[in-house]
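J.: build the 3D model from these lines:
(chains A, B and C)
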Amino acid sequence: MKFCDKKKPKNLYKIYQVLFNAFGPQRWWPGKTRFEVIVGAILTQNTAWSNVEKAIANLRKANALNLNTLANIPTQKLYPLLRPSGYYRIKSTRLKSVVNFFYNDYHGNLNHFFKEPVEKIREELLNVKGIGPETADSILLYAGEKTVFVVDAYTRRIFERLGHLKPKASYEHIQKLFMENLPRDTALYNEYHALIVRLGKDICRTKPRCNICPLVWGCSSTGERCVRSA
DNA sequence: GGCCAGGACACCA
DNA sequence: TGGTGTCATGGC
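T.: Got it, this is the predicted structure:
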């Protein structure tokens, strides 16, 4: 066990409740279809969602927001469409590799894919070039409604500061911490990750303490109901 | 003009 | 195995 304190993880659900009461439901993922969620998961890598929306709008306008079209479009034709989301060359290649995976291995049938055991399809996703653990888990949770907790940079940053994690804890360790200390509930995992991102955008990143919430870190929206006291 | 965003990967010691 | 550089646009 690499975590700092075995007792603290018991508070993970309470922290969720504090965040939910403070911010309300986040209604993730904003994609309209499973495939759109998968595309968004690729495009949002290290990128603000507002930029991803522009690229998705470009794809939709070009009638390319579907598996069949993307499977047959040359990678370079994606460049101008994905440009607003940044890293457009890399993301064009990654999107193509993901699409080719579904197209070749599952004949473009996402329902077939998501019916397979979660451990199996997670491994398959991780073998696709351009899909790391966070992107794979985002696809599984938000597109496949699988009970998989998504760990991102905000999760690491926030829960390190709260003392739940040692610095440089691995993705798998952090994921295990949440999944072993929360009810196995897909809707809960969905909402919790979204709330963490919501909080992450809101808290002070540079200052260890702030005036609004003079504890380990502060949050302008939660105010006195800071999760530190949960 | 600088910083950062809902990461992943190649390369090197 | 772990650290570092690279990929890139748009908002604040």
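J.: next secondary structure element downstream of the strand or helix carrying A:K96?
T.: Per DSSP states H and E: A:K96 is located in helix A:88-105. Next helix or strand after helix A:88-105 toward the C-terminus (DSSP H and E): helix A:110-115.
J.: related to what we said a few turns ago, residues contacting the helix holding A:K96, please?
T.: Under the criterion Cβ atoms under 8 Å, 6 or more residues apart in numbering, residues A:38-39, A:42-43, A:45, A:55, A:67-68, A:70-71, A:75-76, A:78-79, A:82, A:85, A:108-110, A:113, A:124-125, A:128-131 lie in contact with helix A:88-105. Glycine gets a C-beta too; all of them are placed from N, C-alpha and C.
J.: repeat for stretch A:168-177
T.: A:2-3, A:9, A:12, A:133-134, A:137, A:148-149, A:151, A:155-156, A:159-160, A:164-165.
J.: and which of those is nearest DNA strand C?
T.: A:K2 (10.4 Å; Cβ to the nearest atom of the strand).
J.: any idea how far the helix holding A:K96 is from the chain center?
T.: Distance of helix A:88-105 from the chain centroid (Cα atoms, centre = their mean, to the nearest Å) equals 18 Å.
J.: before we move on, what about stretch A:169-180?
T.: 14 Å.
J.: please identify the buried residues of it?
T.: By neighbour count on 16 or more other Cβ atoms under 10 Å, the buried set for stretch A:169-180 is A:169, A:174-178.
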